[in-house]
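Undergrad: Kindly generate the corresponding structure for this input.
(4 chains)
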Protein chains: 2
Amino acid sequence: MADKDPGWELYRSFLAVMREGSLSGAARSLGMTQPSLGRHIRELEETLGVSLFARSPQGLSPTELAQALLPHAQAMASASAALRRAAAIREDTMSGVVRIAASEVIGVEVLPPMLAAFRQRHPGVVLELSLSSRMENLLRRDADIAIRTGRPTQDALVARRMGEITLGMYAHKRYLKSHGLPKTLADLATHALIGFDHETPYVRAMRPAGLPYTRENFALRTDNDLAALASLRAGYGIGFCQCGIAQRDPALVRLLADSIELSMDTWLVMHEDLRRNALMRELYDHLAIALVDYAETASPSEAPRGRTRMLRGSTKR
Amino acid sequence: MADKDPGWELYRSFLAVMREGSLSGAARSLGMTQPSLGRHIRELEETLGVSLFARSPQGLSPTELAQALLPHAQAMASASAALRRAAAIREDTMSGVVRIAASEVIGVEVLPPMLAAFRQRHPGVVLELSLSSRMENLLRRDADIAIRTGRPTQDALVARRMGEITLGMYAHKRYLKSHGLPKTLADLATHALIGFDHETPYVRAMRPAGLPYTRENFALRTDNDLAALASLRAGYGIGFCQCGIAQRDPALVRLLADSIELSMDTWLVMHEDLRRNALMRELYDHLAIALVDYAETASPSEAPRGRTRMLRGSTKR
DNA sequence: TGTCAGCCATGCATATTTGTATAGCAGATC
DNA sequence: GATCTGCTATACAAATATGCATGGCTGACA
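TA: Numbering: from 1, shown residues only, chains lettered A, B, ... in the order given. Purely as a prediction, here's the structure:
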């Protein structure tokens, strides 16, 4: 019933306990001791007037309410981390830490050379890569700069369009040699397709209609895009791949280019209040140039004319 | 250079000093003492390795960097407040605190009866109204439920469309009696127009083109929508008003209804993770019903047919 | 110019928080 | 079933942060 603001430290302790699952673990993680953490949690429960954990000799198990409070505590942690990054940036020497969010494929296959070039120019900079299949929460400040697919509509964001990154169906020469070349869409059903495991909203938006490209037809199911790409390269079967990536490997063959093509509307995004920051701006511009270039490489300019596009993936909704 | 995480309490102290402008003021505001605050700030500066304030006998004046860090600290505060609200909600007794963000006009003219009805049904609930002309930051959790204009495109939000709230030009009978009735668009230029002071992006998007409705023509300039509305009611001159509000006052006369009409695409929004919350859901549904009803009232159904719409205000960009 | 009201900085006694050490409890292992 | 390992809870001493009192500074005002 006490209406006082709980010390913000308590939130950090709460977060650690949620993460580690026990007071002892949280204490280790924070460099504190278990009794301190225990007192923190108890104090937090008392000031909020709620029960957050069920104590047991196996650790603390969070209540339903604690689960509901978790995202808020995480938001605080994100903001705290963002503040520290912002404080660490030295514009005069162009050094500091910048956190970039992108998809795993982009982060692994596309970004590294761009980042290397930037780092070459600015040796004082430290980059953090936050790769995840689902969109990173730029609004929550989990990252400073993000590569998103789909036009961002949030205010307070500065966004620039990188162009359309196109996806096509590919297979390794080796696979095609032993399994033959699919000539029609219907042929695909008899091939070893590589595809998703769970049908996320993202997949649903991107998936071309009218194709035999459904979960039941897959010969390899995974939600890990990198594993899918690696399997494609290993000759496991047929799957989607960003054209810009596939083109770098002469052993990968584009299939049914006339009838199958997806494209992702790709944007580079950062917070408006980072715009005045010289280091940020430089990195932003650098990435913008490089990514636009990449998107153009991956565009269907070199492909045969008159192709029908099956679906323009616009990510969401 | 110390790479340790500053205690989160320090951020709170930082925020208070930024807000109050002095250690002493911050100490008063937090119920602490000035030396403590002083130590906090010093420790924060040391762990971050930066200078945040210039000390002076008149108080502390923030450095440029401190200004840059401010939004992050505010984000932490917002998240902290949201966490406390979430913790305060008791679903069994349907009590708790819910924070609603809306425009000033909606908050003053439209919401109160809706909120009163809800409160009647759930006496345990406490509502917070956060009214501002610019959009409240729902993403930063400054509010739990928001009424926004323009389709929200952020993921992790549950949004429902309330319809189009239409705006028309109105004047008080008294004004028209002494100044006459404008019959054409051009007539407006000779009248006492009530309009904005600064041309914000919002205004820019909403402003009908081809009208003599520009800053130079205004006889009363204000960015305060409520003051504009009050002046309209007081018979100062001609201005825009939500039709749903104007209709309640028989002394307000719609002008040039055939040729002037704006509409705001209005949405009710809340966070996805509040969806499971019974109290939240109930309030959300209650507001949805009431607002849809209001938007319909304010819609041009009762107006003459064949009117041309000048602009469909879509808020941003 | 003297006085007052605001502010920050510092020294010191006190309160609070932390860590250490220990006890107790549940489950896995031999 | 004895033992070992993980966990939490409690008592007490050490470390730390806090408040109080004070001094020094600047600007406003009579």
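Undergrad: can you tell me how far the residue nearest in space to the middle of chain A sits from chain B?
TA: Nearest to the geometric centre of chain A sits A:Ser132, at 2.9 Å (Cα atoms, centre = their mean). For A:Ser132, the distance to chain B (Cβ to the nearest Cβ, to the nearest Å) stands at 13 Å. Quick note: C-beta positions are derived from backbone N, CA and C, even for glycine.
Undergrad: mind listing what that residue touches?
TA: A:Ala101, A:Ser103, A:Glu104 (Cβ atoms under 8 Å, 6 or more residues apart in numbering or on different chains).
Undergrad: Tell me who's in contact with the last one.
TA: Under the criterion of Cβ under 8 Å, 6+ apart, the contact partners of A:Glu104 comprise A:Leu131, A:Ser132, A:Ser133, A:Asn224, A:Asp225, A:Leu226.
Undergrad: Among the residues you listed, find the lowest-pLDDT one for me.
TA: For the contacts of A:Glu104, the weakest pLDDT value sits at A:Ser133, with 67.
Undergrad: just to revisit the earlier point, filter the contacts of A:Glu104 down to the buried ones, ChimeraX style.
TA: Entered in ChimeraX, the line below selects the buried ones among the contacts of A:Glu104, by 16 or more other Cβ atoms under 10 Å in any protein chain shown:
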select /A:131,225,226
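Undergrad: with the contacts of A:Glu104 in mind, which one is nearest to A:Glu272?
TA: A:Ser132 (23.2 Å; Cβ to Cβ).
Undergrad: could you measure the closest one against A:Leu274, distance?
TA: 21 Å (Cβ to Cβ, to the nearest Å).
Undergrad: Now the residue in the stretch 201-317 of chain A that chain B sits nearest to. Its backbone dihedrals?
TA: Ranked by Cβ to the nearest Cβ, the top residue of the stretch 201-317 of chain A for proximity to chain B is A:Asp273, at 5.8 Å. When read as degrees, to the nearest 10, the backbone of A:Asp273 gives phi -80, psi 0.
Undergrad: can you give me the helices in chain A?
TA: A:8-20, A:23-30, A:34-48, A:64-88, A:104-105, A:111-121, A:173-179, A:201-206, A:225-233, A:243-246, A:278-297 (DSSP state H).
Undergrad: relative to helix A:8-20, how tilted is the fourth one?
TA: The reference is to helix A:64-88. 110 degrees (axes from the mean of the first three to the mean of the last three Cα atoms, to 10 degrees).
Undergrad: buried stuff in helix A:64-88?
TA: A:65-66, A:68-88.
Undergrad: which parts of the stretch 1-150 of chain A sit against DNA strand D?
TA: A:22-25, A:34-35, A:38, A:55-60 (Cβ under 7 Å from any atom of the strand).
Undergrad: let's go with 6 Å and repeat that
TA: A:Ser22, A:Leu23, A:Ser24, A:Gly25, A:Gln34, A:Pro35, A:Gly38, A:Arg55, A:Pro57, A:Gln58, A:Gly59, A:Leu60 (Cβ under 6 Å from any atom of the strand).
Undergrad: ok, A:Ile238 to A:Ser259 distance?
TA: For A:Ile238, the distance to A:Ser259 (Cβ to Cβ) stands at 14 Å.
Undergrad: and those two? which has more neighbours close in?
TA: A direct count of neighbours by other Cβ atoms under 10 Å in any protein chain shown for A:Ile238 and A:Ser259 places A:Ile238 higher, at 26 against 16.
Undergrad: mind listing what that one touches?
TA: Taking Cβ under 8 Å, 6+ apart, one finds A:Met169, A:Tyr170, A:Ala171, A:Tyr175, A:Pro182, A:Leu188, A:His191, A:Ala192, A:Leu193, A:Ile194, A:Leu232, A:Leu255 in contact with A:Ile238.
Undergrad: Run the contact check for stretch A:41-52 versus chain B.
TA: Yes - judged by Cβ under 8 Å from any Cβ of the partner chain, stretch A:41-52 and chain B are in contact via A:Leu48, A:Gly49, A:Val50.
Undergrad: What is the burial count for the residue of the stretch 201-317 of chain A closest to chain B?
TA: A:Asp273, neighbours per other Cβ under 10 Å, totals 16.
Undergrad: which one of the residues of the stretch 1-150 of chain A next to DNA strand D sits closest to A:Leu220?
TA: Out of these, the member with the shortest distance to A:Leu220 (by Cβ to Cβ) is A:Gly25, at 36.4 Å.
Undergrad: Any buried residues in stretch A:8-25, and which?
TA: A:8-18, A:20-25.
Undergrad: Same question for stretch A:260-279.
TA: Per 16+ other Cβ under 10 Å, stretch A:260-279 contains these buried residues: A:260-271, A:273-274, A:277, A:279.
Undergrad: do the same with stretch A:217-237
TA: So, applying 16+ other Cβ under 10 Å, buried residues of stretch A:217-237: A:218, A:220, A:222, A:225-226, A:228-229, A:231-233, A:235-237.
Undergrad: nearest to A:Met206, of these?
TA: Nearest to A:Met206 among these, with distances taken as Cβ to Cβ, is A:Asp225, at 11.5 Å.
Undergrad: Looks like A:Glu296 contacts A:Ile165 (just checking).
TA: No - the criterion here is Cβ atoms under 8 Å, and A:Glu296 misses it with A:Ile165 at 9.8 Å.
Undergrad: The two: which has the busier surroundings?
TA: A:Ile165 (27 against 14).
Undergrad: For the stretch 101-250 of chain A, give me the ranges with low pLDDT.
TA: A:133-139, A:153-155, A:201, A:208-209 (pLDDT under 70).
Undergrad: mind listing the strands for it?
TA: Remark: strands assigned in the stretch 101-250 of chain A by DSSP state E, counting those that start in this stretch are A:125-131, A:145-149, A:157-172, A:193-195, A:218-221, A:238-242.
Undergrad: Does the longest one reach chain B?
TA: Meaning strand A:157-172. No - with Cβ under 8 Å from any Cβ as the criterion, chain B is not reached by strand A:157-172; the gap is at least 10.0 Å.
Undergrad: for that strand, packing partners?
TA: Judged by 3 or more Cβ pairs under 8 Å, 6 or more residues apart in numbering or on different chains; DSSP states H and E, strand A:157-172 is in contact with strand A:145-149, helix A:225-233, strand A:238-242, helix A:243-246, strand A:252-255, strand A:262-271, helix A:278-297.
Undergrad: Repeat that for the second one.
TA: Contact here means 3+ Cβ pairs under 8 Å, 6+ apart; on that basis strand A:145-149 packs against strand A:96-102, strand A:157-172, strand A:262-271, helix A:278-297.
Undergrad: Could you rerun that using 10 Å?
TA: Secondary-structure packing of strand A:145-149 (3 or more Cβ pairs under 10 Å, 6 or more residues apart in numbering or on different chains; DSSP states H and E): strand A:96-102, strand A:157-172, helix A:201-206, strand A:262-271, helix A:278-297.
Undergrad: of all the ones you listed, which lies closest to DNA strand C?
TA: strand A:96-102 (26.3 Å; Cβ to the nearest atom of the strand).
Undergrad: any idea how far the nearest residue to A:Pro212 once chain neighbours are set aside lies from A:Ala26?
TA: Leaving aside its sequence neighbours, A:Pro212 sits nearest to A:Ala189 (Cβ to Cβ, 6 or more residues apart in numbering or on different chains; 4.0 Å). Separation of A:Ala189 from A:Ala26 (Cβ to Cβ) stands at 52 Å.
Undergrad: Of those two, which one has the most company?
TA: The neighbour comparison of A:Ala189 against A:Ala26 (other Cβ under 10 Å) goes to A:Ala26, with 27 against 15.
Undergrad: The more buried one and A:Leu10 touch, don't they?
TA: No - contact criterion Cβ atoms under 10 Å: A:Ala26 and A:Leu10 do not qualify, at 12.0 Å.
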